[in-house]
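Colleague: I'll drop the sequence and a predicted model, then ask my questions.
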Amino acid sequence: MLRVLAVDDEEPALSELLYLLDQDPRVGSVLPALEATEALRTLSRAVEGGADAVDVVFLDINMPGLSGLELARLLGGFAAPPLIVFVTAHEDFAVRAFDLKAVDYLLKPLREERFAEAVRRVAELTHAGQGPRAQPAGPPGGGQVPVELGGVTRFVPVADIAYAEARGDYARLHTGRGSHLVRVPLSTLEEQWRTQGFVRIHRSHLVALDRIEELRLDGGNVTVRVGDRVLPVSRRNARELRDLLARRATGTAARAR
């Protein structure tokens with residue numbers, strides 16, 4: 001049976017969360033907290049007192065004082081951190097949430113079937129030994145991207161993404177199987193994916209370096225070919241891109257020798 005800590009600074013939202021948890025037969029005990037600092041004290045007391053560890057924290061993000069994201073970062077420093085499920089009315093924090101190895105990301109108002117799916121995922125991880133006595137093996141930040149499709153959160157591996165295209169405060173992720181619109185600015189993805197081989201080639205495009213098949217220079221205009229798409233490269237990004245491609249080619253040749 002799962003041991004759960006539910007955290008939300010709004011009493012009606014916390015009451016709804018507690019009700020849904022109480023109705024689920026996989027949940028054994030539930031501790032409530034109206035603020036992140038109270039939740040941190042509760043978890044710290046459990047560790048210091050040798051009490052049963054909390055398996056999962058269902059955690060709001062926007063809270064006064066210590067936010068849910070800040071609390072999750074602190075919990076990541078525990079020797080045996082609990083799993084995290086974020087529960088929020090805001091889509092904007094999804095990438096940062098999964099950077100913190102969140103198991104799931106639920107949007108308010110909560111739907112019972114979607115909530116039950118999150119509990120099922122937590123139960124499976126806990127029973128597999130990936131609960132608070134080991135680091136969670138949920139979608140790693142940057143390893144997968146949460147996208148909403150018909151009210152269901154699915155995870156697109158970053159390795160499947162050829163390039164991302166700016167759409168205002170959103171970004172469209174292009175894979176070999178189609179595209180997905182996520183409510184994350186391209187600048188945020190650039191920062192998150194810099195270490196995973198993505199490079200900004202234009203104010204509108206972020207490209208996986210190993211997906212670039214051809215670099216073209218035509219009358220002063222620079223473009224790259226990614227699959228069947230030809231994308232523009234801005235002048236300010238062209239030199240860096242050429243250097244990166246040259247280093248990649250040199251490294252490939254050295255490994256082949």
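Modeller: Nice, thanks for sending it over. As the structure is a prediction and not an experimental result, all values here were calculated from the model.

Colleague: make it CA atoms for all contacts and neighbour counts henceforth
Modeller: Fine.

Colleague: In contact with Ala72: list those residues for me.
Modeller: Ile84, Leu100 (Cα atoms under 8 Å, 6 or more residues apart in numbering).

Colleague: Just confirm it is within a strand.
Modeller: No: per DSSP: H, G, I helix; E, B strand; the rest coil, Ala72 lies outside any strand segment and is helix.

Colleague: any idea how far it is from Gly178?
Modeller: Relative to Gly178, Ala72 is positioned 33 Å away (Cα to Cα, to the nearest Å).

Colleague: What's opposite the nearest residue to Val54 once chain neighbours are set aside in the beta bridge?
Modeller: Nearest residue to Val54, sequence neighbours excluded (Cα to Cα, 6 or more residues apart in numbering): Arg3, at 5.1 Å. Per DSSP bridges, the residues bridged to Arg3 are Ser29.

Colleague: just checking, Arg3 touches Val30?
Modeller: Yes: if you go by Cα atoms under 8 Å, Arg3 and Val30 touch, sitting 6.1 Å apart.

Colleague: Helices of the stretch 1-150 of the chain, residue ranges please.
Modeller: Secondary structure of the stretch 1-150 of the chain (DSSP state H, counting those that start in this stretch): helices located at 11-23, 36-49, 68-75, 94-99, 112-127.

Colleague: Run the chain-centre distance for the fourth one.
Modeller: So the one you mean is helix 94-99. The chain centre lies 3 Å from the centre of helix 94-99; the measure is Cα atoms, centre = their mean, to the nearest Å.

Colleague: So which elements touch it?
Modeller: strand 104-107, strand 144-149 (3 or more Cα pairs under 8 Å, 6 or more residues apart in numbering; DSSP states H and E).

Colleague: Take those strands and write them to TSV, including mean pLDDT and mean neighbour count.
Modeller: TSV is the format used below for these (pLDDT from 0 to 100; neighbours: other Cα atoms under 10 Å):
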stretch	mean pLDDT	mean neighbour count
strand 104-107	88	22
strand 144-149	74	18
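
Colleague: can I get those strands in JSON lines with distance to Pro185?
Modeller: Below are the helices and strands packed on helix 94-99 laid out as JSON lines (distance: least, Cα to Cα, whole Å):
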{"stretch": "strand 104-107", "distance to Pro185": "18"}
{"stretch": "strand 144-149", "distance to Pro185": "13"}
